[in-house]
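S.K.: everything below, folded, please.
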Amino acid sequence: MKNIEELLSKQNNFYKSGKTKSWEFRKKSLIKLRESIKKHRDEIILAIDKDLGKGEFEAIITEILIVLEEIKFFLKKGKSFSKIKKVKKTLLSIDANGYIHPTPYGLTLIMSPWNYPFNLSLFPLVGSIASGNCVVLKPSSITENTSLIIQKIIEEAFDESHVATVLGTREATDELLSYKFDKIFFTGSEYVGKIILEKASKTLTPCVLELGGKSPVIIDNMKEEYIEKSLKRIIWGKFLNSGQTCISPDYIIADISLKDKIPTIFKKVIKLFEEEKKLHKIVNKKHYDRLCSYLKQGNILHGGEYDNESMSISMTLIEPKNIEQILMKEEIFGPVLPILYFNKKEEIIELVNNICKTPLSLYVFSTRNIFTSYITENLEYGGACINGTITHILNHNLAFGGVGSSGMGTYHGHESFKCFSRMVSICKKDFIKDIPLKYPPYKKRMWAMNILYKHFSK
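M.R.: Purely as a prediction, here's the structure:
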């Protein structure tokens, strides 16, 4: 493992040199990263397949393409984001000009998870580089094949004084967190997020935590053709990466009138996906055993097959016995999809709040705007998608992030630049303009103060 203290000393010196503050330097860095990704495309796909069993199509669209799009976005917009911007004067600051100066944090630490090991490592990395920071990237030790190709790409594209990877297990993470960084970006579980936030608080290091959350799917009573389209979109979102997605549809709450229809339509729609992959690979035995235990906690409406040798589980629709079971308390993170029912829309709010008050995502399927508005306005969530799943994260003009137990801070697109930059305020005055009213004797200035008071108190 790298000597962390020596590495951080190199990065600190490099950052102080001021090279990363030049947009041309940032631009060249992003281009080098893009070219290295393109060069090792097939190796990336192979590594992800070894770790997670993803096919080529899914690996490209969910891991590689989204990173390349973010690079392209910053190559187009990053220069304008990094410029100093003049802001409007106010009545109280009429004699001074105001500016916002986007400034890098300095040394940033990015810790990524195993479920999208390439995407969730390099996506925030792009934002940090584009913002002018030095970066230490700590990929997951669980997906070791992908972590090795990430290290290869980083070492090929960057000097370690600018961007470096640190591989290893929990001991490596603990050592990294014992040092002072200027910003920490973590994607992973709520449990680990709390540990990181606690350690960061000792050095007052700002953190962005992208955590999990049981993302509910609400299905209103609709025509059968719309129910079929809804289930197709829900299954697609759940099918991605075998349900091992932080914004994966976690459970369904459907109108009680659909209780007999949904299982029948589900079995019809699922055939499209089962032809592609009948059994889904789970990342390791610990998670596989956890998911298999969920299959015993309700009435299986479809699926339920599993294979111990390949550690794979089929897409499963299940009616839980009650909401107090672990199935309904923990984030599922796998191809098991519980379904509950509601009679009145008020019951939905109560159910979601009892299961997980602050989910990372909210999915609502309905043709009634009044129903959709009621749900979106009466629940707390990180982001929402109406009549679809997952796709709200694909628009770089939309901020992505959690709330409460599902995280803090946002990124994607311009939000990534703001995430990894400090918006420094600068006020500039000249020696010609000045307002004598603000200087003593104050008793003689009260007439002006009273005018201002009346103006602002209206």
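
S.K.: what ranges does the stretch 351-458 of the chain have for its helices?
M.R.: Ranges of helices in the stretch 351-458 of the chain, per DSSP state H, counting those that start in this stretch, are 369-378, 414-419, 446-457.

S.K.: okay if I get the ones you listed as CSV plus mean neighbour count?
M.R.: Backbone N, C-alpha and C define where each C-beta goes, glycine included. CSV is the format used below for the helices of the stretch 351-458 of the chain (neighbours: other C-beta atoms under 10 Å):
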stretch, mean neighbour count
helix 369-378, 14
helix 414-419, 21
helix 446-457, 10
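
S.K.: nearest to Ile300, out of these?
M.R.: Distance to Ile300, taken as C-beta to C-beta, is lowest for helix 369-378 among those, at 27.7 Å.

S.K.: how far off centre is the closest one?
M.R.: Taking C-alpha atoms, centre = their mean, to the nearest Å, one finds helix 369-378 lying 24 Å from the centre of the chain it belongs to.

S.K.: using PDB, list the CA coordinates for it.
M.R.: Taking C-alpha atoms only, helix 369-378 is exported to PDB below (Å, rounded to 0.1, in the frame of the first residue of the first chain):
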ATOM      1  CA  ASN A 369     -51.900  15.000 -11.400                       C
ATOM      2  CA  ILE A 370     -53.800  15.600  -8.100                       C
ATOM      3  CA  PHE A 371     -52.600  12.100  -6.900                       C
ATOM      4  CA  THR A 372     -49.000  12.700  -8.000                       C
ATOM      5  CA  SER A 373     -48.900  16.100  -6.300                       C
ATOM      6  CA  TYR A 374     -50.300  14.800  -3.100                       C
ATOM      7  CA  ILE A 375     -47.600  12.100  -2.800                       C
ATOM      8  CA  THR A 376     -44.700  14.300  -3.900                       C
ATOM      9  CA  GLU A 377     -45.700  17.200  -1.600                       C
ATOM     10  CA  ASN A 378     -46.400  15.100   1.500                       C
END
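
S.K.: mind giving me the packing neighbours of that helix?
M.R.: In terms of contacts (3 or more C-beta pairs under 8 Å, 6 or more residues apart in numbering; DSSP states H and E), helix 369-378 is packed against helix 345-355, strand 361-365, strand 383-386.

S.K.: got the angle for that helix vs strand 361-365?
M.R.: With axes from the mean of the first three to the mean of the last three C-alpha atoms, to 10 degrees defining the directions, helix 369-378 sits at 170 degrees from strand 361-365.

S.K.: which other residues reach helix 369-378?
M.R.: Identification of contacts with helix 369-378 by C-beta atoms under 8 Å, 6 or more residues apart in numbering yields Ile218, Asp220, Lys345, Ile348, Ile349, Leu362, Val364, Ser366, Ala384, Ile386.

S.K.: CSV for those residues, including pLDDT, distance to His101 and neighbour count?
M.R.: Converted to CSV, those look like this (pLDDT from 0 to 100; distance: C-beta to C-beta, whole Å; neighbours: other C-beta atoms under 10 Å):
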residue, pLDDT, distance to His101, neighbour count
Ile218, 98, 44, 24
Asp220, 98, 48, 22
Lys345, 96, 48, 15
Ile348, 98, 46, 24
Ile349, 98, 44, 15
Leu362, 98, 36, 23
Val364, 98, 41, 24
Ser366, 98, 45, 21
Ala384, 97, 34, 16
Ile386, 98, 38, 16
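
S.K.: farthest-separated two in those?
M.R.: Ile349 and Ile386, at 16.9 Å, using C-beta to C-beta across the contacts of helix 369-378.

S.K.: in TSV, list the helices of the stretch 351-458 of the chain along with mean pLDDT.
M.R.: Conversion of those to TSV gives the following (pLDDT from 0 to 100):
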stretch	mean pLDDT
helix 369-378	98
helix 414-419	98
helix 446-457	93
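
S.K.: so which of the ones you listed is nearest His287?
M.R.: Ranking the helices of the stretch 351-458 of the chain by proximity to His287 (C-beta to C-beta) places helix 414-419 first, at 28.9 Å.

S.K.: any regions of the stretch 151-300 of the chain where pLDDT drops low?
M.R.: Flagging of the stretch 151-300 of the chain using pLDDT under 70 yields the residue ranges 277-280.

S.K.: mind running it again at 80?
M.R.: 274-280 (pLDDT under 80).

S.K.: can you map out the helices along it?
M.R.: 170-177, 190-201, 224-239, 261-274, 285-294.

S.K.: need the ones you listed in a markdown table (columns: distance to Met328 and mean neighbour count).
M.R.: Putting these into a markdown table (distance: least, C-beta to C-beta, whole Å; neighbours: other C-beta atoms under 10 Å) gives the following:
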| stretch | distance to Met328 | mean neighbour count |
| --- | --- | --- |
| helix 170-177 | 29 | 16 |
| helix 190-201 | 16 | 15 |
| helix 224-239 | 16 | 20 |
| helix 261-274 | 18 | 16 |
| helix 285-294 | 10 | 16 |
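
S.K.: I'd like to know which of these lies nearest to Pro104.
M.R.: That would be helix 190-201 among those, by C-beta to C-beta, at 18.2 Å.

S.K.: now the angle from that closest one to helix 170-177?
M.R.: Here helix 190-201 runs at 30 degrees with respect to helix 170-177, directions being taken by the same axes, to 10 degrees.

S.K.: which strands and helices sit next to helix 190-201?
M.R.: Counting contacts by 3+ C-beta pairs under 8 Å, 6+ apart, helix 190-201 is packed against helix 170-177, strand 183-187, strand 207-210.
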